[in-house]
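Participant: how would this look folded up:
(chains A and B)
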Amino acid sequence: MTLQQEFAPPTSAKLVVDQVSKSFRPDGRNRVQALERATLRVDEGEFVCLVGPSGCGKSTLLNLIAGLEAPDDGTLSSDGEPIRAPGRDRMMMFQESALFPWLNALGNVMFSLKLKPGLTDAERSEVAHYYLKLVGLENFERASIHELSGGMKQRVALARALAPNPRVLLMDEPFAALDALTREQLYGDLQRIWAERKKTIVFVTHNVREACCLGNRVILFSKSPGRIREEFKIDLPRPRDINSVDLAEYATRIMRSLKGHLAASTPEAQE
Amino acid sequence: MKRTFTALVFFALLVAGWHFGRDYMVRTHRWSPVLVPSPESVARYLWENTFAAEILTPSGVPEPNLNRWLLFLAAWVTVKRLLLGYLIGLVAGVPLGFLTARVQVARDTLGVLALGLQGLPSVCWVPPALLWFGQTESAMLFVVVMGTLWSVVLATETGVRHVNPLYIRAAQTMGSRGLHTWRKVILPAALPFIVSGMKQGWAFAWRSLMAAEIYVTILSGAGLGYLLNNGRDLNAMEQVIGIMLVIVAIGLLADKVLFAPWENFLHRRWGTAK
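Facilitator: Alright, predicted model coming up:
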């Protein structure tokens, strides 16, 4: 039994992506179909991982959900409202921390809070302290960003994204640049925070094991053109350990499927 | 402490070298004592034109010092021109830099103009400024603004174009829009470039102002440049050297007061080398 089933009836989808297509012209001439007729429903409180090779459109889909880009075709909605622009209910985390070097750790968390109306400064500061503590950085509030390690930076970025209390967290390979040990710690932290704070999370990664460790569902993409291919439910108890044997079984199955799609899509790409 | 000591020893040796070297050259009749003043005479000039309440007449009778505070007044006249012009250049330059960075048309027009005029030594603006504004404060202000403005515009443009787009996207997802993004994200992110542009603008403005003050008498106030040229007219080399020392001191002070705090901030936050 997962949290999602506990709390939300399957009819009330939090995020709905309906027949969405998006193409780019990276060199100004050749059109690249980044995403073709993608359809996806994410329920309230669900943890969904998007997996696929580079260039399969998974990051594009995340940017579309964030509202940073507009689709060529199709519709996206959050809580039934169409997504037209970035919104505070959907916070995003990037592969690079994207922390502002001119502010210290606390200042970075306060940046997102200051943009949230209806709070007094004292409340904002209290919330910022709370989230820095939640990610285990209460002793580094005054630190400059360059003084933090890669893992600590991503923790601050996580606190910054969580602080305005968004319902949805969009994460674009946030742990890809970290060492394995730090990553494993963050898997634990993220699962704990997800369960405690009841967030809806869409998590992009190219690491299949990572996806199995974190997600309730893993969505498999293939590229050229970017399409949603398959969906896997991960029914493992939490907190999950990325090194467990059960998890490895899921990962192997998804990996095999991924390779099958890759082989199938290669001749298509050469056309 | 040790560094201060080293610096003190260095400058003491420099002055001692000046004193004894000049003494020797004058005694052996190789240098004219008038053209190369002794450090003592320069020090006396500085003292008698700043703090001294009374001076001694050649016959040894003390009398009230009419030139008391003279150097401070002259320095203030110069620094006022500089600061005012510099501030105008800065306040105008940063938004113009934003504009040229973000609007293609502005980049193709104003940006090219800025690049061209930045290459023009700003002392070239002295003759037209004198014809347009006369021997007035306005002429001085114009020269200083022209010295500052283009460097600031170009540095700001470069800074804005180097801002990591990820910062802007991150800020957008947090709800930042329009002016807020400019003020709270793009401006601080471009700060390292803007500060270096500010320094360059300052250097250009300071040099062109000095040239202008030496070149022409400004009727509305005698600045340091005027006094320096006046020293030449009077064959008073201790005055010329004394004023040059004051100019050096102002340059050092500007660096410490205007730029060091910014550079320390950048160093602390960005972790760049000092």
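Participant: how about whichever residue of the stretch 151-271 of chain A sits closest to chain B, phi and psi?
Facilitator: Closest contact between the stretch 151-271 of chain A and chain B, by CB to the nearest CB, is at A:P164 (7.1 Å). Backbone N, C-alpha and C define where each C-beta goes, glycine included. Backbone torsions for A:P164, taken as degrees, to the nearest 10, come to phi -80, psi 10.
Participant: element containing the closest residue to A:K58 other than its chain neighbours, please.
Facilitator: Closest residue in space to A:K58, ignoring its immediate chain neighbours: A:L50 at 4.1 Å, by CB to CB, 6 or more residues apart in numbering or on different chains. Assigning secondary structure by DSSP states H and E places A:L50 in strand A:47-51.
Participant: three-state assignment of A:L258?
Facilitator: helix (DSSP: H, G, I helix; E, B strand; the rest coil).
Participant: then A:E231?
Facilitator: Following three-state DSSP, the label given to A:E231 is strand.
Participant: what sits against it?
Facilitator: A:217-220 (CB atoms under 8 Å, 6 or more residues apart in numbering or on different chains).
Participant: nearest to A:K233 among those?
Facilitator: Distance to A:K233, by CB to CB, is smallest for A:R217 among the contacts of A:E231, at 5.7 Å.
Participant: in the sheet, which residues pair with the closest one? Tell me.
Facilitator: Residues in a beta bridge with A:R217, per DSSP bridges, are A:V48, A:K233.
Participant: for B:E137, list the residues it contacts.
Facilitator: B:81, B:218, B:220-221.
Participant: geometric centre of chain B: which residue is closest?
Facilitator: Central residue of chain B (CA atoms, centre = their mean): B:W206, 3.6 Å from the mean position.
Participant: A:P239 contacts A:L190, correct?
Facilitator: No: counting by CB atoms under 8 Å, A:P239 stays clear of A:L190, with 9.9 Å between them.
Participant: please identify which of those two sits among more neighbours.
Facilitator: Set A:P239 next to A:L190 and count neighbours by other CB atoms under 10 Å in any protein chain shown: A:L190 wins out with 24 against 13.
Participant: I'd say the more buried one and A:L214 touch.
Facilitator: Yes: under the criterion of CB under 8 Å, A:L190 lies in contact with A:L214, with a separation of 6.6 Å.
Participant: find residues that contact each of these two.
Facilitator: Joint contacts of A:L190 and A:L214 (CB under 8 Å, 6+ apart) are A:I201.
Participant: what helix or strand does A:K22 sit in?
Facilitator: Here A:K22 is assigned to strand A:13-24, by DSSP H and E.
Participant: so who does the residue in chain A that chain B sits nearest to touch?
Facilitator: For chain A and chain B, the shortest gap (CB to the nearest CB) falls at A:H146, measuring 3.2 Å. For A:H146, the contacting residues are A:101, B:269-271, by CB under 8 Å, 6+ apart.
Participant: quick one: residues contacting A:G87.
Facilitator: A:67, A:78, B:175 are the contacts of A:G87 under CB under 8 Å, 6+ apart.
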